[in-house]
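# When you get a sec, could you give me coordinates for this:
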Amino acid sequence: MRSRWTLSSGVFLFVVLFGLGAFAQGAAPQNGQTAANPAPTEAAPGKQPVQPAKKKYDPRDVCITEEDASSELLNKRRQIGGRIIMDTFLLPTGGTVDVGLDEPFAEGDYYFGALDIGTASPVILDRTDVRIRQAADTDTLIKKGLMRKDRTIVNLRFPDVIDAPWKQAQLYIFTCQGGSPFKVSETTVRVSPAIYSSGLAWLSVILGYLIAAFAFRTSCPPRWYGYLDPIAMSAGADGRASLGKLQIVMFSLIVFGLITYFLLRTGVLTDISSTVLLLLGIAGVGSTVAKGADNSRTTLSPENKAWLLRKQWLSSTFNPNNIDAHWRDLFTTDGEFDVYRYQSFIFSLVVAGALIIGGVTQLSSFEIPQTLLGILGLSQVVYIGGKLVTPTSMADLNKSIDDLRQAEKKFRASAITANNGILPANLQLAVVPASQTAYDDYMSLATDVATLYTTQTNIPVAPDKLQPTL
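Residues are numbered from 1 along each chain as shown. Reported below is the predicted structural model:
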């Protein structure tokens, strides 16, 4: 029994060892391959091996950074885009500007912009700062014949580049594809910052005002701020403030400042809209017609005017040093409050404010509502009409001056007769008992005429100028 158990145990042990050896042999590498590098499995028929996923780039995302902007945009391997077209000599920053791109307009294209001003970091515009549209007949580039209507207009919104006042720079307009610039357009521009342009425009307006303030004076006013008084500057020949002249000065300075601002921003002279011209015309024509109405109401006969000039009652030239202008002169007519002049003044202030605010964006397209222009024009018409229909005593003044001239002639004739037919050398020798009555008649009438003359013209007559002239 023991030998049979021993034989059975040996056979079992042999079978186990043989199976382990066979398993070990089957698990060993085949054809010289190691276990660490197993042979790749065969792909199933009709299927491709799985490749790693590539990164997707959105053409709406800017594809350059401040670090690689110069190298990416200057890379000549990129496709050269259409020509950049500008109708100005300067590139205004601190706002929006339209430039033309000589490429057919495509609705689905996304453009970006960059401005290299020579500093360490160029100015890179976001997609929201660059907008495109198809050129239209209303665009200046089309009106000037610089590009065709099927081309692209690119609207760029630049920050105010204050580090480069009127400095040369490179403007780039590009598209992105695959994470890199695809088409790149470039041109050389000269940058015009808004803050410097507005500052110089204000200085120009102030200088223009100072020139006008100093130009009409021949001597210094009592106080230094008298030079800056706009009321004195707008005074008429009678020394009183003129609303029409003040309106012309105000609107002229505003338009001058806006034109200067656009010249500094773009390098070209801007056009003026028809309503701005009409506004200047209303002020100018109103002032001229009002002056004519005053002259028609206060016209002296040539003989009387010559006599007043000889007597120095009437100055031959306007003396700017004898200005007695006040703010109340703007709103009064013959000493009474004139509601039409007041209406014209307050609406002029409103239009002036609108012109400053709206004209900064585009003076050539600035529009003033026709109703507002109508109010200003109607105020001028009513004001001028009031001057024409206001009763005046000029006819009485002319007759009184005629009588005074005749009285002076009678006194002179009496003085010559009393002096044996010879004209006395002076007034003291002329006033003798024989001519005293004629002298008294003249002085009585002269006092009354001088009072009427001052009331009518607001020009005082000095007592020493009442004496008769030989």
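
# the domain parsing of the chain - what is it?
The chain is divided into the following domains under automatic domain parsing: 69-191, 197-389, 395-466.

# which one of those has the lowest average pLDDT?
For the domains of the chain, mean pLDDT drops lowest on domain 197-389, to a mean of 79.

# And that one, how far out from the chain middle?
Put simply, domain 197-389 sits 19 Å off its chain's centre (Cα atoms, centre = their mean, to the nearest Å).

# oh, and call the first residue 57 from now on, that's how I've got it
All set: I'll call the first residue 57, so the last point we hit is now domain 253-445.

# Redo the domains of the chain as a markdown table? Include distance to Tyr113 and mean neighbour count.
In this view, the C-beta of every residue, glycine as well, is placed from N, C-alpha and C. Formatted as a markdown table, the domains of the chain follow (distance: least, Cβ to Cβ, whole Å; neighbours: other Cβ atoms under 10 Å):
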| stretch | distance to Tyr113 | mean neighbour count |
| --- | --- | --- |
| domain 125-247 | 4 | 16 |
| domain 253-445 | 37 | 16 |
| domain 451-522 | 82 | 15 |
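
# what residues does stretch 240-247 touch?
129, 134-140, 142, 145-147, 149, 157, 171, 173, 217, 220-230, 323 (Cβ atoms under 8 Å, 6 or more residues apart in numbering).

# Actually, stretch 410-419.
Defining contact as Cβ under 8 Å, 6+ apart, one finds that stretch 410-419 is touched by 307, 310-311, 314-315, 317-318, 326-329, 332, 335, 422, 424.

# First-to-last residue distance for that stretch?
Terminal residues of stretch 410-419 lie 11 Å apart, using Cα to Cα, to the nearest Å.

# same check, this time on stretch 315-335
16 Å.

# Spatially nearest residue to Lys223 (excluding sequence neighbours)?
Nearest residue to Lys223 in three dimensions, chain neighbours excluded: Val247, at 5.5 Å (Cβ to Cβ, 6 or more residues apart in numbering).

# For my notes, confirm the one you found occurs in a strand.
Yes. Assigned with DSSP: H, G, I helix; E, B strand; the rest coil, Val247 falls within a strand.

# Tell me the spacing between it and Ile218.
Distance from Val247 to Ile218, counting by Cβ to Cβ, to the nearest Å: 10 Å.

# With Arg134 instead?
31 Å.

# Now for Ala162: which residues touch it?
Thr208.

# rerun at 10 Å
Shown in contact with Ala162 (Cβ atoms under 10 Å, 6 or more residues apart in numbering): Ile188, Gln190, Thr208, Thr231.

# Quick check: phi and psi at it.
phi -130, psi 120 (degrees, to the nearest 10).

# Kindly report the same for Ser298.
phi -120, psi 120.

# Pull stretch 486-497 out as CSV, backbone CA atoms only.
C-alpha atoms of stretch 486-497 as CSV (Å, rounded to 0.1, in the frame of the first residue of the first chain):
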residue,chain,number,x,y,z
ALA,A,486,-18.6,189.4,-30.4
VAL,A,487,-20.9,189.5,-27.5
VAL,A,488,-21.7,193.3,-27.2
PRO,A,489,-24.9,195.1,-26.4
ALA,A,490,-25.8,195.2,-30.1
SER,A,491,-25.6,191.4,-30.4
GLN,A,492,-26.6,190.5,-26.9
THR,A,493,-30.3,189.7,-27.8
ALA,A,494,-29.2,187.4,-30.7
TYR,A,495,-26.7,185.7,-28.4
ASP,A,496,-29.4,185.1,-25.7
ASP,A,497,-31.8,183.7,-28.2
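
# who touches it?
463-475, 479-480, 483, 498, 523-524, 526.

# cutoff 8 Å now
Outside stretch 486-497, the residues that reach it (Cβ under 8 Å, 6+ apart) are 463, 466-471, 473-475, 480, 524, 526.

# before we move on, back to that, quick one: the residue nearest to Lys223 and Phe230, what's the gap?
Separation of Val247 from Phe230 (Cβ to Cβ): 19 Å.

# ditto for Ser491
Ser491 is 102 Å from Phe230, by Cβ to Cβ.

# likewise Ile328?
Using Cβ to Cβ, one obtains 37 Å as the distance from Ile328 to Phe230.

# Strands of the stretch 157-306 of the chain, residue ranges please.
Applying DSSP state E, counting those that start in this stretch to the stretch 157-306 of the chain gives strands spanning 168-172, 179-180, 186-190, 207-214, 224-233, 236-248.

# Looking at these, spot the one closest to Leu266.
Closest approach to Leu266 among those (Cβ to Cβ): strand 236-248, 25.4 Å.

# That closest one pairs with which strands, and in what direction?
Paired neighbours of strand 236-248 in the sheet (DSSP bridges): strand 135-136 (parallel), strand 147-148 (parallel), strand 224-233 (antiparallel).

# wait, which of the strands of the stretch 157-306 of the chain is closest to Glu122?
Nearest of the strands of the stretch 157-306 of the chain to Glu122, taken as Cβ to Cβ: strand 179-180 at 6.5 Å.

# Please name every helix or strand in contact with the closest one.
With contacts defined as 3 or more Cβ pairs under 8 Å, 6 or more residues apart in numbering; DSSP states H and E, strand 179-180 has these neighbours: strand 168-172.
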